[in-house]
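# just coords:
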């Protein structure tokens, strides 16, 4: 157990819908990272937050957004869902702002039908 | 942007053999290179990492080497065991400016036969 929690574990929804994925980092970690893992795209970095502020952006679509709250939990919002958004979404946390060991959560498997 | 190539995509070895996975990167600004192990249905876990001011790092049966000039880095696993079977990902990133934007290789599925 990494200490990072993610909810829900599984999510099945229809095209065009909007969902919110939630992540709680390890106690004391200020950085939260979101990743998407799919068979065709592999593991891709989406976005990083540090202590409530966006720190780095990767291959995140405009239909996706994220935020980190004062209690340091983070949410990833996916809207206007398409079939291609079906993937495993991981969040990870670390104590550092850049690099260093990241602790991954168990992931949320999103299926868009 | 950064591009990371990882080879081979599948590696099958006998227990006790060594396994080597290679990655190349394109951005000379990349200075941090982690390796992750992901077992089926589980989360990625960092197994070893190396920074660009170091050429080699070892942790028990696992070692990573980095050649900055050639822009490639490799993972070496010695005395492989069946529990080493998993997908291994390399990544490259620059950590300048306080941000961390990793680019991952496509993964290597390592199968260790008992």
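Received the coordinates, thanks. None of the values given here were measured: they were computed from a predicted structure.
# and residue 82, how many residues sit next to it?
No chain in the question, so chain A it is. 12 (other CB atoms under 10 Å in any protein chain shown). Using the backbone N, CA and C atoms, a C-beta is placed for each residue, glycine as well.
# think we crossed wires, I meant chain B
Burial of residue B:82, expressed as a neighbour count using other CB under 10 Å, amounts to 10.
# chain B contacts on chain A?
Chain A has residues A:2, A:33, A:42-45, A:48, A:50, A:55-58, A:90, A:97-99, A:101-102, A:104-107 near chain B, with proximity defined as CB under 8 Å from any CB of the partner chain.
# show me where chain B has its strands.
B:4-7, B:10-14, B:19-25, B:32-38, B:45-51, B:56-59, B:62-67, B:72-77, B:86-92, B:103-104, B:108-113 (DSSP state E).
# closest one to residue A:65 among these?
Closest approach to residue A:65 among the strands of chain B is made by strand B:103-104 (21.8 Å; CB to CB).
# is that closest one anywhere near chain A?
Yes: in this structure, strand B:103-104 sits against chain A according to CB under 8 Å from any CB; the contacting residues are B:103, B:104.
# what does stretch B:68-76 give?
No: with CB under 8 Å from any CB as the measure, stretch B:68-76 is seen stopping short of chain A, the closest distance being 14.7 Å.
# likewise stretch B:5-20?
No: with CB under 8 Å from any CB as the threshold, stretch B:5-20 lies outside contact range of chain A, at a closest distance of 9.3 Å.
# show the end-to-end separation of that stretch, please.
14 Å (CA to CA, to the nearest Å).
# run the chain-centre distance for that stretch.
When C-alpha coordinates are averaged (CA atoms, centre = their mean, to the nearest Å), stretch B:5-20 and its chain have centres 12 Å apart.
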